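**Student:** mind folding the following:
(4 chains)
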There are 4 protein chains.
Amino acid sequence: MEFGITFKGFVEADRARYLVRAAEYAGFDYCWFYDSHILWRDCYAAIAMCMEHTKSMRFGPLVTNPDVRDWSVAASMFGSLSKQSGGRFDLAVGRGDSSRRVMGFKPATLARVAEFIHKTKAMVRGEEVVYGESPEPVHFTWAVGHEMPAWIAAYGPLALKTAGEHADGVVLQIAEPSLCKWFTGQCIEAGTKAGKDMSGFRSMSCAPAYFGPKDKAIEAVKWFPAMVGNHVADIVEKYGAESGVMPPAFTSYIEKRRGYDYSKHGQSDNPFLDFITPDVVESFCVLGEPKDHIAKINDLEDGGVTQFNIYLDSGEEEDIIARYGREVIPAFR
Amino acid sequence: MEFGITFKGFVEADRARYLVRAAEYAGFDYCWFYDSHILWRDCYAAIAMCMEHTKSMRFGPLVTNPDVRDWSVAASMFGSLSKQSGGRFDLAVGRGDSSRRVMGFKPATLARVAEFIHKTKAMVRGEEVVYGESPEPVHFTWAVGHEMPAWIAAYGPLALKTAGEHADGVVLQIAEPSLCKWFTGQCIEAGTKAGKDMSGFRSMSCAPAYFGPKDKAIEAVKWFPAMVGNHVADIVEKYGAESGVMPPAFTSYIEKRRGYDYSKHGQSDNPFLDFITPDVVESFCVLGEPKDHIAKINDLEDGGVTQFNIYLDSGEEEDIIARYGREVIPAFR
Amino acid sequence: MEFGITFKGFVEADRARYLVRAAEYAGFDYCWFYDSHILWRDCYAAIAMCMEHTKSMRFGPLVTNPDVRDWSVAASMFGSLSKQSGGRFDLAVGRGDSSRRVMGFKPATLARVAEFIHKTKAMVRGEEVVYGESPEPVHFTWAVGHEMPAWIAAYGPLALKTAGEHADGVVLQIAEPSLCKWFTGQCIEAGTKAGKDMSGFRSMSCAPAYFGPKDKAIEAVKWFPAMVGNHVADIVEKYGAESGVMPPAFTSYIEKRRGYDYSKHGQSDNPFLDFITPDVVESFCVLGEPKDHIAKINDLEDGGVTQFNIYLDSGEEEDIIARYGREVIPAFR
Amino acid sequence: MEFGITFKGFVEADRARYLVRAAEYAGFDYCWFYDSHILWRDCYAAIAMCMEHTKSMRFGPLVTNPDVRDWSVAASMFGSLSKQSGGRFDLAVGRGDSSRRVMGFKPATLARVAEFIHKTKAMVRGEEVVYGESPEPVHFTWAVGHEMPAWIAAYGPLALKTAGEHADGVVLQIAEPSLCKWFTGQCIEAGTKAGKDMSGFRSMSCAPAYFGPKDKAIEAVKWFPAMVGNHVADIVEKYGAESGVMPPAFTSYIEKRRGYDYSKHGQSDNPFLDFITPDVVESFCVLGEPKDHIAKINDLEDGGVTQFNIYLDSGEEEDIIARYGREVIPAFR
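**Tutor:** Alright, predicted model coming up:
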């Protein structure tokens, strides 16, 4: 099991400089940054900075999208960060919901996400690449053959299929073991059907982790299911009725939560927030004492998850990182 | 007099890490990077890296252009680098000749260069900004009011005027004192006419510097007038006949060099390389023993130059930086 | 009020590297290391390392003694650390109880402590110095005039007098406000009598700080009064009966704690541990919620304390440092 | 062939910080510091600092001696530096000529040098050690079993024998290939006789290296044979007449140099400086163009030398380090 941390919003530079060292010392393998250049600064400047303060930790955006930067500009940044860090850069891509919506644009298609991955991976490798917007082929003569791992963020059936077929891993923003198992399975099934060797396919479960009494913890992390809720509702609305398309646990789970309120669906936000009860928060996140964290991460591992990635910015980050290093991560090494 | 170094192509990361420290120790104030993301990697990844290894040195692209990145993406990078370095970021902008041509695009207009500067400076400051490509106004709530200095690269009359009116300084890729004086004067005149206080206007002379016997030095740096020659020829062709528009020294200088060969202008590259005689190389660059460097930089200072910026990548970089620190820079402090 | 942290035993190098950055970010001014080269490694190697990861934080041994290193060797280390850190080194000296006893030696006299301070300060300044063990005068031609602040660790009347007369500050290993007030007053009185300007005299109160429920906190830090107890008992035994020599609060406090058990004094350790009741632990340390920490440090400040120095190594160090930065130190700025 | 640099006197901290990075980038394996705490600062503070700016480079004093620090204090520093650098510390020991003489003391015996090595190596390993000055055995419970390589500086027969029998390598302050061969052979012979496996025995040749015209180079490095001359003269005086004890090349070489001047030996310094002719300087050092350096280092390698260690502080250090990286070291990799 790999461990990651994600800076959701942005921390002060001087704090990030020591938190990544603290996380590397604690045994975390990855540090991810939301790629949202208007809301929270440019994540690549922060990644380049943090790389200078770590030795083996890997970095990447979580997630970028194919529309915010010209592909040669994006790939040059990916390749430059790979090169100056000794290859410690991963790419994670989504359709660009928040990052593009804040500027008034629509998300990209999944086909475009897949093409973006293939084209930027090839540029980082040093191949000559032709892509839509560029009149001339692009070739980074300075590239040194880095094989940049790529992930796709997914919940819905088509995104899971795209991740399985075109990426090295899937990013799941939820830490509910049975759902993670179902999502991961969908990816592997799609990849296998497409003839890929899926034995090394990776699955990342992202969620806040928090220690201490349940009520305090739930209060600190309830922003997470509220954020995820939009995605969940979108998907249930779109696929909920189709048998076998969505994970049975997911469907029944939503049904149970919303009961007769289902008729109000779409009229206001309330029905979606209704289902964010304490046990939903607990189900989506990793809370409690260290032994509870270990137990849940073990369940995630049983469901095929290969990386547990903590969404920080719920407070007490120093303590969470240090306690993972002392009391949680050693149980998986 | 300020001193700068510029990495033309790119150095290996581990070498850049110590060269910027060496340069800061030697007394250099600035480190600039060519912004050419396809030819030489992404300069902002390198800038972010080098910032972590310096304390007071300032950094910037030399030069970027308004068309390679969406303006909010560009400004987010500028503002992020400013923030994480404690305000050590300058912007230098040109029309994008090489960077855009390599992708098959045309250079930007000078009006667009000026607008790019005003809009990105405002975003970095933290103001709400509307610009052409974005359906929604952009506002970096995380910006902390950094006043990012901006420079414009110029040779021709309109570019010099734009620099004087819209920038905090002008970038001159040549170290010929009388020409630098004329160029700088044009900027100040234009700015003054536009009602700006030009007392703090800055003028940067960029060129290779090299120590040792003249013939070895000339061989090492002759790539520079060859590169500059294209710009010079363009301008002479466009403005040469108009009395008073071009610097008299510049015009007569070119005439003297090319004589009757002028008729062949435009047929091949030869006429332009013809005039790159050893004394042209010496005139454009800073060569010889430390006392010769000091004398020439003094002449540049008399011509209104406020920063001498060494284009590296002619070899012996470690020695050039160290000798500037020991034998040249102290003469100006 | 200045704030410090002290590494009692030693932390792993990679952990120390980020903890000092975390502490500097949190607003701590000082980082001290026990100087006990056999039990816990050489503190100067650790100090030199930590200096490379901080910008303004000051460092020093807490405490060294005059007998463990030849004075020129000691002063060369002090001066070298001062020079390579830009003057961020303080000296704190004691009689060498633990450090010398572990090797089978006796502690130094207070006169020797005072002489050690004067001689090493002079060497660090760059003066030619004659001292007992060296046949030749010692002169560091490389010294650049650093004025190294020096502190003396004291509890007893003579040590307090020596600190007041010969040092820039006193180190008090206790955080009981009325005692700190009495101790500090003794130093200032002695210094004033000796004709020194005592307006800048400094007083450091050292003790563990811990957050959370009282019973958990007391369990975590009870090692501290046990360690301090030996010193306290020594002093009470030596001076307890002499009216006016010891702080009245101290005497009555010990009396109240030990009552009729006093007759058993010296027979076993028990009588000394008897008085380490929960309220003694609380009295010696800084415990509770952030508001409790602020209140106690305010009381210390009222008693003349100028630096509160947290003895770490009670666990949860990351959390203690971060919470001081967020919730305690801002109340004093 | 390993490569090292040595800071003879001391460089400014900010310069040392980048020079070690430059040297590591260039391919140097070792960085050594003269251990002379009065003349040039404490070398261990500088070593600890430089370790933070390097990844694989090894460090050590060149040379320390058994009398300047209590052995537990010395070993604690060695072990602490080993631990915080991941084992990148070597020990090199001599009799303490300059370091002790400057304080008015006599050098240590070779038996004491050998014992110092065995005892401090054992302490760094974590063993319980009894040594002369300490009433109690010393045990670093924090030691983690580092096997610290130890070198002895030698010219004379007994020192060479001691190095062969008791150390992992010999330090030779001269770069004359036939002498290095003879010296190294003496060590190996002695070690073999004592039953040691000498297959991994190391031999370090130390001398200034300098590029450029011979006359300028000789002027820059002639301080070196002048410094070495004292040792050479001492040894020739002591052993010169004994057949087979000194290297034949050494004896004849001195004879040739001094001829009838030998009668004046001991009256003044002149006779010793007489023999420092340009070809002696060239013979002792590594001078000329890169190809000359490569040729001489090849000869040293043929003579059994395993590390060529450049004594810096002859000027142009940045250039020497960079050119070794570009033009000399690659010939040996």
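**Student:** who in chain A is up against chain B?
**Tutor:** For chain A, the contact set with chain B under C-beta under 8 Å from any C-beta of the partner chain comprises A:10, A:13, A:37-42, A:44-46, A:48-49, A:51-53, A:68-70, A:72-73, A:76-77, A:79-81, A:83-84, A:102-105, A:134-136, A:138-142. The C-beta positions use only the backbone N, C-alpha and C, and glycine is treated the same way.
**Student:** and the residues you listed, which are buried?
**Tutor:** The neighbour count (16 or more other C-beta atoms under 10 Å in any protein chain shown) marks A:10, A:13, A:37-42, A:44-46, A:48-49, A:51-53, A:68-70, A:72-73, A:76-77, A:79-81, A:83-84, A:102-103, A:105, A:134, A:138, A:140, A:142 as buried among the residues of chain A next to chain B.
**Student:** shaky segments in the stretch 51-200 of chain A?
**Tutor:** Applying pLDDT under 70 to the stretch 51-200 of chain A flags residues A:98-103.
**Student:** from chain B, how far out is the closest residue to chain D within it?
**Tutor:** Here the stretch 51-200 of chain A gets closest to chain D at one residue, residue A:55, 8.0 Å apart by C-beta to the nearest C-beta. Residue A:55 sits 13 Å away from chain B, going by C-beta to the nearest C-beta, to the nearest Å.
**Student:** which bits of chain A sit near chain C?
**Tutor:** Residues of chain A lying near chain C by C-beta under 8 Å from any C-beta: A:12, A:14-15, A:17-19, A:21-22, A:24-25, A:316-319, A:321-322.
**Student:** one more time with 10 Å
**Tutor:** Chain A comes close to chain C at residues A:12-26, A:53, A:55, A:315-323, A:325-326, as judged by C-beta under 10 Å from any C-beta of the partner chain.
**Student:** just the ones of those residues in helices?
**Tutor:** A:13-26, A:317-323 (DSSP state H).
**Student:** select only the buried ones of the residues you listed in ChimeraX?
**Tutor:** Under the burial definition 16+ other C-beta under 10 Å, those of these that qualify are selected in ChimeraX by:
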select /A:13,15,16,17,18,19,20,21,22,23,24,25,26,317,318,319,320,321,322,323
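**Student:** just for the stretch 201-333 of chain A, where's the confidence low?
**Tutor:** In the stretch 201-333 of chain A (pLDDT under 70), the answer is A:230, A:233, A:240-244, A:248-275.
**Student:** can you give me the strands in it?
**Tutor:** Using DSSP state E, counting those that start in this stretch, the strands of the stretch 201-333 of chain A run over residues A:202-207, A:209-211, A:286-288, A:307-311.
**Student:** what's the spacing between the first one and its chain's center?
**Tutor:** Averaging C-alpha positions (C-alpha atoms, centre = their mean, to the nearest Å) puts strand A:202-207 6 Å from its chain's average.
**Student:** CA atoms only: put that strand into CSV for me.
**Tutor:** What follows is strand A:202-207, C-alpha atoms only, in CSV (Å, rounded to 0.1, in the frame of the first residue of the first chain):
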residue,chain,number,x,y,z
ARG,A,202,-3.2,1.1,-9.7
SER,A,203,-6.1,2.4,-7.7
MET,A,204,-6.0,5.5,-5.5
SER,A,205,-8.6,6.2,-2.8
CYS,A,206,-8.6,9.8,-1.8
ALA,A,207,-10.3,11.2,1.4
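**Student:** just checking: what are the partner strands of that strand?
**Tutor:** Strand A:202-207 pairs in its sheet with strand A:169-172 (parallel), strand A:307-311 (parallel), by DSSP bridges.
**Student:** output the set of residues of chain A in proximity to chain D.
**Tutor:** By C-beta under 10 Å from any C-beta, the part of chain A that sits against chain D consists of residue A:55.
**Student:** do you know how far residue A:225 is from residue B:181?
**Tutor:** 66 Å (C-beta to C-beta, to the nearest Å).
**Student:** which one's more surrounded, these two?
**Tutor:** Between residue A:225 and residue B:181, counted using other C-beta atoms under 10 Å in any protein chain shown, residue A:225 has the larger neighbour count: 24 against 19.
**Student:** any idea which element residue A:152 lies in?
**Tutor:** strand A:150-153 (DSSP states H and E).
**Student:** for that strand, what is the distance to the chain centroid?
**Tutor:** Centroid displacement of strand A:150-153 relative to its chain, using C-alpha atoms, centre = their mean, is 8 Å.
**Student:** now the helix or strand that it is followed by: buried residues?
**Tutor:** Sequence-wise, the next helix or strand downstream of strand A:150-153 (DSSP H and E) is helix A:157-166. Within helix A:157-166, the residues that count as buried by 16+ other C-beta under 10 Å are A:157, A:159-166.
**Student:** could I get these as a markdown table with distance to residue B:199?
**Tutor:** Shown next, in a markdown table, are the buried residues of helix A:157-166 (distance: C-beta to C-beta, whole Å):
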| residue | distance to residue B:199 |
| --- | --- |
| A:157 | 65 |
| A:159 | 58 |
| A:160 | 63 |
| A:161 | 64 |
| A:162 | 59 |
| A:163 | 59 |
| A:164 | 64 |
| A:165 | 63 |
| A:166 | 58 |
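**Student:** follow-up on the earlier one: how about the CA coordinates for the strand holding residue A:152, as PDB?
**Tutor:** Provided in PDB are the C-alpha atoms of strand A:150-153 (Å, rounded to 0.1, in the frame of the first residue of the first chain):
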ATOM      1  CA  ALA A 150      -0.800   8.700 -15.700                       C
ATOM      2  CA  TRP A 151      -4.000   8.400 -13.700                       C
ATOM      3  CA  ILE A 152      -7.600   9.300 -14.600                       C
ATOM      4  CA  ALA A 153     -10.100  10.500 -12.000                       C
END
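**Student:** elements contacting that strand?
**Tutor:** For strand A:150-153, the contact count by 3 or more C-beta pairs under 10 Å, 6 or more residues apart in numbering or on different chains; DSSP states H and E identifies strand A:58-61, strand A:91-93, helix A:110-125, helix A:157-166, strand A:169-172, strand A:202-207 as packing neighbours.
**Student:** select, out of those, the one closest to residue B:231.
**Tutor:** Set against residue B:231 and scored by C-beta to C-beta, those come closest in helix A:110-125, at 29.6 Å.
**Student:** can you give me the angle that closest one makes with helix A:157-166?
**Tutor:** 30 degrees (axes from the mean of the first three to the mean of the last three C-alpha atoms, to 10 degrees).
**Student:** export helix A:110-125 as CSV, just CAs?
**Tutor:** Below are the C-alpha coordinates for helix A:110-125, written out as CSV (Å, rounded to 0.1, in the frame of the first residue of the first chain):
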residue,chain,number,x,y,z
LEU,A,110,-13.2,11.6,-21.9
ALA,A,111,-11.7,10.9,-25.4
ARG,A,112,-9.8,14.1,-25.1
VAL,A,113,-8.6,13.2,-21.7
ALA,A,114,-7.3,9.9,-23.1
GLU,A,115,-5.6,11.6,-26.0
PHE,A,116,-4.1,14.3,-23.8
ILE,A,117,-2.5,11.5,-21.7
HIS,A,118,-1.1,9.6,-24.7
LYS,A,119,0.3,12.8,-26.3
THR,A,120,1.9,14.3,-23.3
LYS,A,121,3.4,10.9,-22.2
ALA,A,122,4.9,10.7,-25.7
MET,A,123,6.3,14.2,-25.5
VAL,A,124,7.8,13.6,-22.1
ARG,A,125,9.4,10.4,-23.5
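**Student:** buried residues in that helix?
**Tutor:** Those would be A:110, A:112-117, A:119-125, for helix A:110-125 by 16+ other C-beta under 10 Å.
**Student:** what is the nearest of those residues to chain C?
**Tutor:** For the buried residues of helix A:110-125, the nearest to chain C is residue A:124 (30.1 Å; C-beta to the nearest C-beta).
**Student:** residue contacts, residue A:66?
**Tutor:** Residue A:66 makes contact with A:74, A:93-96, A:100, A:107-109, A:111-117, A:119-120, according to C-beta atoms under 10 Å, 6 or more residues apart in numbering or on different chains.
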